[in-house]
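J.: only geometry, no sequence info:
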């Protein structure tokens, strides 16, 4: 089993609750097979891309950026596992810079999906999956429906061009970018969204009650969208991914 996941579908909302206690052999193999495509959109040497990703993460220095990037990587990985087509690069188009648009852009057939990822440490006061999902939802809604500081649609369009997204979807993103420039904003109800939450434990695994997490998500009354896929991930530690990245390069 690649992912230990509980899935619930309720009306237009799908909820995935995932435990990553260790990087199992099955999960490691799946990462090995997909890390290059996730990061730069094409295949290549495994040890080189691991070294590259490890260096990029380490250069952040700031712990919040480190855990945020690792959390986002695993959301990309899970969505690939679920059959979503990644229409963006994990590595940003500008070296060592943060994305200025959506954390993730995906497609299923002709539907576009927009992802925002929020994460934190279990030691953070008041942290829950539901609180992080609210943060992720509020971010993706703001980017879709309001005048944020950067044009998220243009960033999504540029990533889509870089990975060779089919022209119909690129044209749709370009039109949305033009609307944004002309102060015409979109409705959240017309867009498919993926608010995601990751909580990192302190390296001592505590079994998670998936039913309680699902119920806490269902109680979030603000969630709106054409279709919604909520993803809640609990990871034993962020260090275990760094150990995976360094395993063949030490």
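T.: Cool, got the structure. This structure is a prediction, so every number in the text was calculated from the model and none was measured. Numbers count the residues shown, from 1 in each chain.
J.: Tell me which stretches of the chain form strands.
T.: For the chain, the strands defined by DSSP state E occupy 4-10, 13-20, 85-86, 104-108, 111-121, 192-200, 228-235.
J.: any chance of the ones you listed in a markdown table, plus mean pLDDT?
T.: Converted to a markdown table, the strands of the chain look like this (pLDDT from 0 to 100):
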| stretch | mean pLDDT |
| --- | --- |
| strand 4-10 | 93 |
| strand 13-20 | 97 |
| strand 85-86 | 97 |
| strand 104-108 | 97 |
| strand 111-121 | 97 |
| strand 192-200 | 98 |
| strand 228-235 | 98 |
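J.: now these as a markdown table including distance to residue 45 and mean neighbour count?
T.: C-beta coordinates here come from the backbone N, C-alpha and C atoms, glycine included. Output for those, formatted as a markdown table (distance: least, C-beta to C-beta, whole Å; neighbours: other C-beta atoms under 10 Å):
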| stretch | distance to residue 45 | mean neighbour count |
| --- | --- | --- |
| strand 4-10 | 30 | 14 |
| strand 13-20 | 25 | 21 |
| strand 85-86 | 20 | 19 |
| strand 104-108 | 25 | 22 |
| strand 111-121 | 27 | 22 |
| strand 192-200 | 28 | 26 |
| strand 228-235 | 26 | 25 |
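J.: nearest to residue 183, of those strands?
T.: strand 111-121 (19.7 Å; C-beta to C-beta).
J.: on contacts alone, who are the packing partners of that closest one?
T.: If you count contacts as 3 or more C-beta pairs under 8 Å, 6 or more residues apart in numbering; DSSP states H and E, strand 111-121 packs onto helix 63-81, strand 104-108, helix 129-145, helix 167-181, strand 192-200.
J.: Single out the most deeply packed of these.
T.: Compared across the helices and strands packed on strand 111-121, strand 192-200 shows the largest average neighbour count, a mean of 26 (mean count of other C-beta atoms under 10 Å).
J.: helices or strands next to that strand in the packing?
T.: Secondary elements touching strand 192-200 (3+ C-beta pairs under 8 Å, 6+ apart): helix 63-81, strand 111-121, helix 129-145, strand 228-235.
J.: Report the mean confidence score over the third one.
T.: When you say that, I think you mean helix 129-145. Taken as a whole, helix 129-145 has a mean pLDDT of 97.
J.: and that helix, what does it pack onto?
T.: Packed next to helix 129-145, using 3+ C-beta pairs under 8 Å, 6+ apart, are strand 111-121, strand 192-200, helix 210-218, strand 228-235.
J.: roughly how far out does it sit from the chain middle?
T.: 12 Å (C-alpha atoms, centre = their mean, to the nearest Å).
J.: what's around residue 43, how many residues?
T.: As a burial measure, residue 43 scores 11 neighbours (other C-beta atoms under 10 Å).
J.: In this model residue 34 seems to touch it, though I could be wrong.
T.: No. Contact criterion C-beta atoms under 8 Å: residue 43 and residue 34 do not qualify, at 9.9 Å.
J.: returning to what we had before: quick one: closest of the helices and strands packed on helix 129-145 to residue 245.
T.: Taking C-beta to C-beta, strand 228-235 is the member of those nearest to residue 245, at 14.4 Å.
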